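K.L.:
With the sequence up front, the predicted model follows.
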Amino acid sequence: MSQHSVTHSSSSGVITSISLSADGYIRLRPLLFQATELQHLMSGLDDGVLPRMDSGAAIVGYTEWVSLTNPAITVGWDWQLSAMDGAPGCVRIADPFSNVMFIDEDSRDLGPVRTARLLGEAIDARPWSSTVLAAIAARYS
């Protein structure tokens with residue numbers, strides 16, 4: 001299996017490796033993903049989504065983020081505009097899509113379903129909403 005890899009030092013001083021596998025996945029442990037900085041690449045509105053009948057028109061969109069690692073981790077997700085504590089904010093509304101496959105301590109794949117769930121939890125813990133709102137305002141103003 002052909003792989004390209006890069007080695008990083010974590011804050012604990014442990015050397016870790018991010019590799020691109022022949023199947024296109026970057027396999028890494030969830031904690032390494034959580035420690036990896038992601039940069040906003042782009043966000044947009046999804047004009048093809050019909051308004052929800054139960055709450056009127058919903059403003060929905062997508063966002064894409066990348067790491068500065070080599071190979072680059074890419075992750076994107078769909079979001080919906082929501083009122084959060086009286087102010088507009090974005091909430092993730094679907095599983096993220098990514099080139100990441102999480103592995104366990106024995107380097108075994110956790111599988112796409114568990115990886116998506118854990119990616120979602122990691123994304124939800126990051127402060128991404130204001131960045132997306134600013135990008136949407138700049139793009140559509």
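P.N.:
Received the coordinates, thanks. Residues are numbered from 1 along each chain as shown.
K.L.:
do you know how far residue 87 is from residue 35?
P.N.:
Here residue 87 is placed at a distance of 29 Å from residue 35 (C-beta to C-beta, to the nearest Å). All C-beta atoms are positioned from the backbone trio N, CA, C, and that covers glycine.
K.L.:
Among these two, which residue is more densely surrounded?
P.N.:
For the pair residue 87 and residue 35, the greater number of neighbours falls to residue 35 (14 against 10), based on other C-beta atoms under 10 Å.
K.L.:
I'd like to know which helix or strand in the protein has the lowest mean pLDDT.
P.N.:
Here the helix or strand of the chain ranked lowest by mean pLDDT, DSSP states H and E is strand 4-9, holding a mean of 44.
K.L.:
List the residues that contact residue 68.
P.N.:
37, 39 (C-beta atoms under 8 Å, 6 or more residues apart in numbering).
K.L.:
can you check residue 88 too?
P.N.:
Residue 88 makes contact with 81, 82, 133, according to C-beta under 8 Å, 6+ apart.
K.L.:
would TSV of the residues you listed with pLDDT and distance to residue 124 be doable?
P.N.:
Listed next are the contacts of residue 88 as TSV, based on pLDDT from 0 to 100; distance: C-beta to C-beta, whole Å:
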residue	pLDDT	distance to residue 124
81	93	16
82	90	13
133	96	16
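K.L.:
Narrow those to those in helices?
P.N.:
Applying DSSP state H to the contacts of residue 88, the entries found in helices are residue 133.
K.L.:
Select only the buried ones of the contacts of residue 88 in ChimeraX?
P.N.:
In ChimeraX syntax, the buried subset of these is picked out as below (16 or more other C-beta atoms under 10 Å):
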select :81,133
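K.L.:
right, and out of the contacts of residue 88, which lies closest to residue 41?
P.N.:
Nearest to residue 41, judged by C-beta to C-beta, of the contacts of residue 88 is residue 133 at 15.6 Å.
K.L.:
burial of residue 29, as a residue count?
P.N.:
15.
K.L.:
So what sits opposite the residue nearest to it when sequence neighbours are not counted in the bridge?
P.N.:
Leaving aside its sequence neighbours, residue 29 sits nearest to residue 103 (C-beta to C-beta, 6 or more residues apart in numbering; 6.0 Å). Beta-bridge partners for residue 103, by DSSP bridges, are residue 109.
K.L.:
Kind regards, and thank you for your time.
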